[in-house]
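sequence-free structure coming up:
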């Protein structure tokens with residue numbers, strides 16, 4: 001099957017710091033692919049490079065058969081690819097209502113049925129019309145992240161880039177948001193690329209994942225194999241021990 005997202009030999013450099021070094025991944029349509037690793041391993045930088053938010057020094061990014069040129073992205077790209085960030089408060093303008101936040105991408109992309117789309121987006125993430133004219137400070141963290149997800153979904157993209165979408169939330173709220181994402185993916189046939197430091201979250205949400213260390217991919221593994229402890233590198237084993245919910249297989 002032809003990949004909907006392909007990254008080949010990608011290199012990202014910030015001045016003298018090499019953030020990504022010869023990184024390659026391939027994600028099939030409708031798949032959910034995870035990126036894990038310690039802080040500074042390059043996983044969020046990879047998402048940002050795909051989204052055009054980080055400078056690409058070398059390599060190639062192809063989305064739905066179209067190769068991206070440098071850091072510039074067309075409006076059509078952002079119709080296909082949307083990103084949900086880690087901090088739901090930081091990703092929403094504090095002086096904009098929910099209605100304004102959802103209206104902005106529709107206006108940029110020339111949609112005219114804005115009222116119907118906003119209502120549908122709020123319903124899809126489990127929030128009613130009463131949230132439409134609230135400000136971010138009037139909502140909980142989980143509600144704010146639902147709005148961020150609604151904003152990403154409102155253009156009906158094919159790919160969602162999820163950068164630690166639940167790490168800033170309480171455990172009970174995390175489960176609600178993850179279940180929402182799973183439901184939306186199933187209903188829409190979306191492709192997910194998810195960054196997380198929590199191996200439990202990734203094995204629950206993703207079929208395959210890449211383990212990153214020092215800007216490189218050190219291992220790619222099926223989530224089912226990770227859950228059984230069938231991995232090939234010591235670094236991945238150390239991550240399993242460090243990650244909440246995982247223990248060494250021999251102690252089970």
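Perfect, thanks for sending it. From a predicted model like this one, the values you see are computed outputs, not experimental measurements.

Sketch out the helices for this structure, chain order is fine.
Using DSSP state H, the helices found in the chain span residues 43-51, 75-80, 98-108, 114-124, 141-153, 171-188, 199-205, 223-228, 234-242.

Next, format those helices as CSV and append distance to residue 7.
Glycine gets a C-beta too; all of them are placed from N, C-alpha and C. Shown next, in CSV, are these (distance: least, C-beta to C-beta, whole Å):
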stretch, distance to residue 7
helix 43-51, 7
helix 75-80, 15
helix 98-108, 25
helix 114-124, 29
helix 141-153, 20
helix 171-188, 20
helix 199-205, 18
helix 223-228, 19
helix 234-242, 20
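
Dump those helices into JSON lines; add mean neighbour count as well.
Shown next, in JSON lines, are the helices of the chain (neighbours: other C-beta atoms under 10 Å):
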{"stretch": "helix 43-51", "mean neighbour count": "24"}
{"stretch": "helix 75-80", "mean neighbour count": "15"}
{"stretch": "helix 98-108", "mean neighbour count": "18"}
{"stretch": "helix 114-124", "mean neighbour count": "16"}
{"stretch": "helix 141-153", "mean neighbour count": "23"}
{"stretch": "helix 171-188", "mean neighbour count": "15"}
{"stretch": "helix 199-205", "mean neighbour count": "21"}
{"stretch": "helix 223-228", "mean neighbour count": "16"}
{"stretch": "helix 234-242", "mean neighbour count": "15"}
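
Quick check: residue 155 vs residue 3, distance?
From residue 155 across to residue 3, the span is 22 Å (C-beta to C-beta, to the nearest Å).

no wait, residue 187
Residue 187 sits 22 Å away from residue 3, taking C-beta to C-beta as the criterion.

Check residue 227 too.
Distance of residue 227 to residue 3, computed by C-beta to C-beta: 24 Å.

show me the contacts for residue 43.
Residue 43 makes contacts with 35, 36, 37, 195, 212, as judged by C-beta atoms under 8 Å, 6 or more residues apart in numbering.

Which strand residues bridge the fourth one?
When bridges are taken as DSSP bridges, the partners of residue 195 come out as residue 35, residue 163.

Excluding chain neighbours, give the residue nearest to residue 60 in space.
Among residues not flanking residue 60 along the chain, residue 8 sits closest, at 4.6 Å (C-beta to C-beta, 6 or more residues apart in numbering).

Give me the neighbour count for the one you found.
Counted with other C-beta atoms under 10 Å, the neighbours of residue 8 add up to 14.

Could you tell me what pLDDT the model assigned to it?
Residue 8 is assigned 96 on the pLDDT scale.

Residue 244 now?
For residue 244, the pLDDT comes out at 58.

Quickly note the distance from residue 202 to residue 240.
Distance, residue 202 to residue 240, using C-beta to C-beta: 11 Å.

With residue 172 instead?
24 Å.

Also residue 233?
Residue 233 is 11 Å from residue 240, where distance means C-beta to C-beta.

show me what contacts residue 208?
Counting by C-beta under 8 Å, 6+ apart, residue 208 has contacts 31, 33, 34, 220, 221, 222, 223.

Model confidence score at it, please.
Residue 208 is assigned 96 on the pLDDT scale.

All set, thanks.
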